[in-house]
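Peer 1: Got a predicted model here, sequence first, then my questions.
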Amino acid sequence: MIREVQENKGLNGETEKYMIRRKFIPVEMVVDQPGVFKTVRVKLSPSIKRIAGVVSTFDTLVQPIVDFGYWFAGAGEEADILDPAFITDLDYGPLNTMPFQIDEYVKEGHWFYVAIPLKSTRYLSVTSEGIKIRELGTVEIQDPKADYRGEYMVYVSKSGPGSITITINTL
Amino acid sequence: MKSCEIRLYNARGLCYTGSPQPPHKTGEFTDEEKFLGHDLELPKIQPLDAANDQGYVKVALKDLSAEEVPYRVRVYLLAEYEPEKL
């Protein structure tokens, strides 16, 4: 509560003293998507006669931890397989530590596959040492064991033999 | 730095428009600053004529898509009570 004493001089020369009490009423709004329009109605107690001022501040919240989903990786005996059943049969695990690395030896006549959620490709990079990889395309995965359903970006290596080190890291 | 626009409406219409400012001071406060009050961390108060004829004020926030989301906006309305004769 902020208090202020004001003096008013009357026509007869007498001084009248008034005490004015003010307080801040806080309102908080969180903007979590761009371009929104939000409204809040603030109820004022009947004894409040006017709003004498307004102050507004903003601060940036810590970005929420992004759920990167699950990775799938493993070798296949054919090139360019874009089949959800093939991808979900590969090894898999959660993308919860970065950088994440997979070291494999790819046999002759095999191709190495890696898949990560398409939405996570905005935040993650997939690179390889040894045998080169490239983006193959996307598949729709409906796999309850991965606890993630949606589009996956599939990467495929050149054919073996050779070593490959896949590194998945945040951009 | 301009991330959104704040508007206040009373029963008769728009009575304030402005953009929120980042806090002047954050983090630790000295004992003197605590004694003087928390308004040290707030930017200047802009005068506003908002008659309380309906018992509420509507706060409207329009995001201008210039700031990365999420962010939090705090609006402090300086409410004034009826003067008391001493």
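Peer 2: Yes, it's here. Numbers count the residues shown, from 1 in each chain, chains lettered A, B, ... in the order given.

Peer 1: From the contact counts, what lies against the longest strand along chain A?
Peer 2: In chain A, assigned by DSSP state E, the strand with the most residues is strand A:15-31. Applying 3 or more C-beta pairs under 8 Å, 6 or more residues apart in numbering or on different chains; DSSP states H and E, one finds that strand A:15-31 contacts strand A:2-9, strand A:37-43, strand B:56-63, strand B:71-81, strand B:84-85. No exception for glycine: its C-beta is placed from N, CA and C like everyone else's.

Peer 1: any idea which of the ones you listed scores lowest on pLDDT?
Peer 2: Among the helices and strands packed on strand A:15-31, strand A:2-9 carries the lowest mean pLDDT, at a mean of 82.

Peer 1: May I have it exported as PDB, CA atoms only?
Peer 2: Output of strand A:2-9 as PDB, limited to C-alpha atoms (Å, rounded to 0.1, in the frame of the first residue of the first chain):
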ATOM      1  CA  ILE A   2       1.300   3.400  -1.000                       C
ATOM      2  CA  ARG A   3       0.100   6.400   1.000                       C
ATOM      3  CA  GLU A   4       0.300  10.100   0.100                       C
ATOM      4  CA  VAL A   5      -1.000  13.100   2.000                       C
ATOM      5  CA  GLN A   6      -2.300  16.000  -0.200                       C
ATOM      6  CA  GLU A   7      -3.100  19.500   1.000                       C
ATOM      7  CA  ASN A   8      -5.900  21.500  -0.500                       C
ATOM      8  CA  LYS A   9      -6.300  25.200   0.200                       C
END
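
Peer 1: any idea how far that strand is from the chain center?
Peer 2: In terms of C-alpha atoms, centre = their mean, to the nearest Å, the centre of strand A:2-9 is found 51 Å from the chain centre.

Peer 1: Strand partners (parallel or antiparallel) of that strand?
Peer 2: Paired with strand A:2-9 in the same sheet, following DSSP bridges, are strand A:15-31 (antiparallel).

Peer 1: Next, the angle from the partner strand to strand A:37-43.
Peer 2: 140 degrees (axes from the mean of the first three to the mean of the last three C-alpha atoms, to 10 degrees).

Peer 1: In strand A:15-31, which residues are buried?
Peer 2: Neighbour-count burial for strand A:15-31, with 16 or more other C-beta atoms under 10 Å in any protein chain shown as criterion, is recorded at A:Ile20, A:Arg21, A:Arg22, A:Phe24, A:Ile25, A:Val27, A:Met29, A:Val31.

Peer 1: Could you do stretch A:37-54 as well?
Peer 2: Those would be A:Val42, A:Leu44, A:Ile48, A:Arg50, A:Ile51, A:Ala52, A:Gly53, A:Val54, for stretch A:37-54 by 16+ other C-beta under 10 Å.

Peer 1: Which strand residues bridge the last one?
Peer 2: Partner residues in beta bridges with A:Val54: B:Gln46, B:Leu77, with DSSP bridges as the criterion.

Peer 1: and the buried residues of strand A:15-31 as TSV, adding pLDDT?
Peer 2: Output for the buried residues of strand A:15-31, formatted as TSV (pLDDT from 0 to 100):
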residue	pLDDT
A:Ile20	86
A:Arg21	88
A:Arg22	86
A:Phe24	87
A:Ile25	89
A:Val27	90
A:Met29	89
A:Val31	87
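
Peer 1: tell me the contacts of B:Pro83?
Peer 2: Counting by C-beta atoms under 8 Å, 6 or more residues apart in numbering or on different chains, B:Pro83 touches A:Gln6, A:Tyr18, A:Met19, A:Ile20.

Peer 1: So in chain B, where's the weakest helix or strand by average pLDDT?
Peer 2: strand B:46-51 (a mean of 57; mean pLDDT, DSSP states H and E).

Peer 1: mind checking how far A:Tyr105 is from A:Ile131?
Peer 2: For A:Tyr105, the distance to A:Ile131 (C-beta to C-beta, to the nearest Å) stands at 10 Å.

Peer 1: higher neighbour count, these two?
Peer 2: A:Ile131 (20 against 14; other C-beta atoms under 10 Å in any protein chain shown).

Peer 1: So which of the helices and strands packed on strand A:15-31 is nearest A:Asp59?
Peer 2: strand B:71-81 (5.7 Å; C-beta to C-beta).
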